[in-house]
Structure formats: C-alpha cells, structure tokens
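# Let's see this in three dimensions:
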Amino acid sequence: MEKELLKYLTTLRDFGRLYTQKIIDGNPKVKTDLRMSQIKALYAFRDRDSHFMKELADSLGLKMPSMTILADGLEREGIIRRQRDGQDRRKVFVWLTPKGRRLRSDFLARRHRIARTVIGSLDGPDKAELLGALGSVCRILEKAVVKTLA
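Prediction:
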C-alpha cells in the first residue's frame, strides 16, 4: 500500500511540474529569468498581494535563509518589494509590485485555461471520476493534516 501511495504521489508531483512548466513555456509574458522556485513563490500570492516573509516561507516550505535568497531574486526582477515592519523589526513585509501583479494575473489566467483544456479533453465519465477522486483525496488529506497538527 505504501509503495502504491508513493507511486501516486510521484505521479501527481510530476503532473504538477509539467503543468507549471507548460504554463511558463506557453506564456511569453512569463518569459523572464524566473526559476521554478520563483514561479512557486509568485503562486503563493494567488489570493492576496502581500505576506510577511515568515508566512511566505511557511507557504513554500522554506527556511528563512532560503526564503531570503528567493526574495532577493524576486526583488531584483522587480516582482516584489520588501520592508521591515515599523513595530517589530524582525518582521519583513513583502508585497507584489505592479509587474508582479501582472505576472501573477497572466500566470493564473494561463493556469486556468490549461486546467479547463485538460479537464475538457476528458469524456463525461472520466471527468466525473477524476473530480470525485480528487475531491476524496483532498478531503482525506485535509483530515490527515488537521489530525497531524492537532
């Protein structure tokens, strides 16, 4: 069972990587020197324009030194800006620049188009089975995460 689970997780990870690469390759507006880690960081801003560095690091599964290096590159690209919190200088506030918001918007739009194309290519029964299975996987993993963190 564990071997089968690892196989499935590997397939999902590989699909995610290919999916993200397809989004990058197919969008000339995202043709910058951004590395995959920087694209993942951009995706972490999908729901809002700003984060504290610690939140961003946690979201990406990075330690703060690695997050700082990643943020340095994003700042050099003009995608984010950083500023220390006036109340607590240990906290660093990070926000998307106008360029970063445009890249995010283009990236998310392309991502949704590709998802619709992939799902749209499935016949009715396969589409229903996939959506049901993904719903089950997400529900089960959410319970496992809550149980683990409790």
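# mean confidence for stretch 98-118?
What stretch 98-118 shows for mean pLDDT is 87.
# i'd like the first residue to be 35 from this point on
Okay, residue one is now 35; in that scheme the one you just asked about reads as stretch 132-152.
# tell me which residues in it are buried?
Across stretch 132-152, burial judged by 16 or more other Cβ atoms under 10 Å covers 134, 137-138, 141, 144-145, 148. Bear in mind the C-beta positions are built from the backbone N, C-alpha and C, glycine included.
# Of the residues you listed, which is the nearest to L175?
Nearest to L175 among the buried residues of stretch 132-152, counting by Cβ to Cβ, is R145 at 20.7 Å.
# and after the helix or strand containing that closest one, which helix or strand comes next?
Here R145 sits within helix 132-154, counting by DSSP states H and E. Next along the chain after helix 132-154, taking DSSP H and E as the criterion, comes helix 158-183.
# surely R144 meets Q55?
No - R144 lies out of contact with Q55 (Cβ atoms under 8 Å); the separation is 11.7 Å.
# Is the residue in the chain sticking out farthest from the centre in a helix, a strand, or coil?
Centroid-distance maximum for the chain: Q121 at 29.5 Å, with Cα atoms, centre = their mean. Three-state assignment for Q121 (DSSP: H, G, I helix; E, B strand; the rest coil): coil.
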